[in-house]
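[1] Okay, sequence plus prediction incoming.
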Amino acid sequence: MATKTTAEKLATLQKGYTLEGATIELGAAIIDGELHKDAPVRLPLAMMNRHGLVAGATGTGKTVTLHMMAEQLSTAGVPVFLADIKGDLSGLATAAVGSDKLKARTDSIGQPWEGKTFPVEFLALGGDGNGVPVRATVTSFGPILLSRIMELNDTQESSLQLVFYFADKNGLELIDLKDLRAVIQFLTSDEGKDKLEELGGLSKATAGVILRELVNLEAQGLEKFFGEPEFDTAELLRTAPDGRGVVTCLELPTLQTKPMLFSTFLMWLLADLFEDLPEAGDLDKPKLVFFLDEAHLLFNGATKAFLDAITTTVRLIRSKGVGIFFVTQTPKDVPADVLGQLANRVQHALRAFTPEDAKALKATVSTFPVSDYDLEETLTSAGIGEAVITVMNEKGAPTPVALTRLRAPESVMGPSDEALVRSTVAGSALLGKYGTAVDNPSAYEKLNGKAAAPTGPAASEPAGGASAGAPTAPGAYDVDAEARRIEEEILGRPSSRPPQAPVPAPEDSDVQYGTPDYSEPRESKPRAKAPRSRKPSSPEPEPGGMMGDLGGVLGGALGGGLKSMARSMGTQLGRELLRGVFGTSSRRRRR
């Protein structure tokens, strides 16, 4: 094959990066050792939801790259989420100051540069830092993600899922860690041993192991990350009054001591977005771009269930308008099933100091399209602020591989002054919503017979709620009311079905399903059982019957393929569908 001339290589890159729609400008191409500002390298804004990878050795400029991309996304009106591990990304709130060196760089790549500030929201996990506190309830976090933090094995993870099932079924709200601890202690007590036996796959010994791991989490001070008010991930989708996307920086000052919590919490945010957002199809620009820094922490020692859930989320969240960029040192840090879904690649320099490094280098080269570069040499010799790039063009095809000198950020490449960060947080509209923790009555109070008054307005206990002791199911089954309730949960609007007269329960007549109660999670309602006097239902209920109507509600909302399943499973299906791919569940989705 004949070697191309520099002019031919230049023409190939110019043609490959000539795009029609809005773009993120990444920099200018370097060909045969020379920089060509007439060969700009771009990423189509509409393709940002095809996900991406920013990789490279320590110190090669990965953080500056995502900083630069976040600025342009914000300017284009796209909200951005960043995990600020080193504290450097708070500089987005401060305009950079020019210099002769900076001007020479920006002129060389044809970048019109001007120091700017960007709309930034600062968050902190559980208030561990200067940002607005971010919390999640234990039930929302779900058993798979919680197992990840507790480092449980597959068997223990399955057992924890049974504990969550028991709590969901019996109206025990798992708000914080003491709620989950109370449920496990109940199941392992003499009083709860019959309930434990009913769960089948949950042994007392395994429950004891989970309980010990839970106590360890509390000893590490992680209880402050779980509780209320729970963070609404819709806050990540906001734009500023001037139309720019809000850049949300999650501050992680103690990452070194809690790496598993950090990575798992980021997946909870993604899982919650995945469950909440409607299908969007192909958009001119994404609804949100999510940068997952230190991505290798997500996958180290992950269980199969956790990896499967990540893969599913990455594959499907694209259609909801969310783009995910994994930021890590080498592509081998990301499992092949996930890596295959990352269409946009920004690969900074790699080091080949050891045989393992050399093997990783060859593996990285093999993931790029055929190009005019000797990638093994290019990837080991690229300078700081340079990267090998290929992205997906507007037709869904990969662009030519281009060694690129990257653009410079227009805000400070480093932390903002702490006083500025504190004042930004103090003026945030989110601080009033999430700044103060509340401790509402939940599983702990119910199982310990405590009638503690709620400390927040959103979780007042309705009159006639579940008893404080071990929960019991009511003895009557109001299918029509249950159908209305599930319709409201699935469709997110009031039911069009006329209310029927309530069916009294023989011993728990205070528990009814007729009227939606928005003061506590739907999951807190005990699941009713059919009266023994009812005849066994036939495989297909009569047309127009109440179970047929219930099947119609679920079948219509979720697709005809689920109609027969909905009829046969009734309320069980309605509840189980409210838990997502990670086993997550949200108070908002239960309303």
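    Done, it's in. Numbering: from 1, shown residues only.

[2] Send me the helix or strand Ala387 falls within as CSV with only the CA atoms.
    Following DSSP states H and E, one finds Ala387 within strand 386-390. In CSV, the C-alpha atoms belonging to strand 386-390 read as follows (Å, rounded to 0.1, in the frame of the first residue of the first chain):
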residue,chain,number,x,y,z
GLU,A,386,-2.5,16.1,23.1
ALA,A,387,-4.7,13.1,22.4
VAL,A,388,-5.6,10.6,19.7
ILE,A,389,-9.2,11.0,18.8
THR,A,390,-11.9,9.3,16.8
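
[3] how near is Leu199 to Glu213?
    Leu199 sits 18 Å away from Glu213 when distances are taken as C-beta to C-beta, to the nearest Å. Bear in mind the C-beta positions are built from the backbone N, C-alpha and C, glycine included.

[4] Can you list the buried residues in stretch 89-98?
    Applying a neighbour-count criterion of 16 or more other C-beta atoms under 10 Å, one finds Leu89, Ser90, Gly91, Leu92, Ala93, Thr94, Ala96 buried in stretch 89-98.

[5] Just the C-alpha atoms of the longest strand anywhere in the chain, please, in PDB.
    When the chain is parsed with DSSP state E, its longest strand is strand 34-44. Provided in PDB are the C-alpha atoms of strand 34-44 (Å, rounded to 0.1, in the frame of the first residue of the first chain):
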ATOM      1  CA  GLU A  34       3.200  19.500  12.200                       C
ATOM      2  CA  LEU A  35       0.200  21.200  13.700                       C
ATOM      3  CA  HIS A  36      -2.600  22.200  11.200                       C
ATOM      4  CA  LYS A  37      -5.100  24.700  12.500                       C
ATOM      5  CA  ASP A  38      -6.900  24.400   9.200                       C
ATOM      6  CA  ALA A  39      -7.800  20.800  10.200                       C
ATOM      7  CA  PRO A  40     -10.100  21.200  13.200                       C
ATOM      8  CA  VAL A  41     -11.100  18.100  15.100                       C
ATOM      9  CA  ARG A  42     -14.700  18.200  16.300                       C
ATOM     10  CA  LEU A  43     -17.400  16.000  18.100                       C
ATOM     11  CA  PRO A  44     -21.000  16.300  16.900                       C
END
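
[6] residues touching Glu410, list them.
    Neighbouring residues of Glu410 by C-beta atoms under 8 Å, 6 or more residues apart in numbering: Glu71, Ala95, Ala96, Trp113, Glu114, Gly115, Lys116.

[7] The nearest residue to it once chain neighbours are set aside: what's it in contact with?
    Excluding the flanking residues, the one nearest Glu410 by C-beta to C-beta, 6 or more residues apart in numbering is Lys116, at 4.4 Å. Residues near Lys116 by C-beta under 8 Å, 6+ apart: Glu71, Ala95, Ala96, Glu410, Ser411.

[8] okay, now the residue nearest to Ala234 when sequence neighbours are not counted: neighbour count?
    Nearest residue to Ala234, sequence neighbours excluded (C-beta to C-beta, 6+ apart): Asp276, at 6.7 Å. Other residues within reach of Asp276, judged by other C-beta atoms under 10 Å, total 16.

[9] what does stretch 218-225 contact?
    125-128, 135-136, 149, 176-178, 181, 217, 258, 261, 265, 437.

[10] make it 6 Å
    The contact list for stretch 218-225, computed with C-beta atoms under 6 Å, 6 or more residues apart in numbering, reads Leu125, Gly126, Leu177.

[11] Which other helices and strands does the longest helix along the chain contact?
    If you go by DSSP state H, the chain has its longest helix at helix 259-276. Identification of packing neighbours for helix 259-276 by 3 or more C-beta pairs under 6 Å, 6 or more residues apart in numbering; DSSP states H and E yields helix 138-150, helix 296-299, helix 304-317.

[12] centre of the chain versus the helix or strand just after the longest one, how much separation?
    Spelled out, it's helix 304-317. Going down the chain from helix 304-317, the next helix or strand is strand 322-328, by DSSP H and E. Centroid separation for strand 322-328 versus its chain: 11 Å, with C-alpha atoms, centre = their mean, to the nearest Å.

[13] buried sites along the following helix or strand past strand 322-328?
    Counting by DSSP H and E, the next helix or strand C-terminal to strand 322-328 is helix 336-339. Judged by neighbour count using 16+ other C-beta under 10 Å, the buried positions of helix 336-339 are Val338, Leu339.

[14] Give me the contacts around the helix or strand following the longest strand of the chain.
    The C-terminal neighbour of strand 34-44 among helices and strands, as given by DSSP H and E, is strand 52-55. Strand 52-55 is touched from outside by 62, 65-66, 325-328, 330-331, 342, 344-347, with contacts defined as C-beta under 6 Å, 6+ apart.

[15] wait, doesn't Tyr434 sit right on Glu230?
    No. Counting by C-beta atoms under 6 Å, Tyr434 stays clear of Glu230, with 8.6 Å between them.

[16] Helices - which of the contacts of Glu410 land there?
    Within those, residues falling in helices by DSSP H are Glu71.

[17] Need the pLDDT of the nearest residue to Ala349 once chain neighbours are set aside.
    Among residues not flanking Ala349 along the chain, Ala382 sits closest, at 4.2 Å (C-beta to C-beta, 6+ apart). pLDDT for Ala382: 94.

[18] What is the neighbour count of the nearest residue to Gly281 once chain neighbours are set aside?
    Counting by C-beta to C-beta, 6+ apart, Gly281 lies nearest to Ser319, which is 6.6 Å off, once chain neighbours are set aside. If you count neighbours by other C-beta under 10 Å, Ser319 ends up with 15.

[19] Can you get me a residue count around the closest residue to Asp333 other than its chain neighbours?
    Closest residue in space to Asp333, ignoring its immediate chain neighbours: His296 at 3.8 Å, by C-beta to C-beta, 6+ apart. As a burial measure, His296 scores 16 neighbours (other C-beta under 10 Å).
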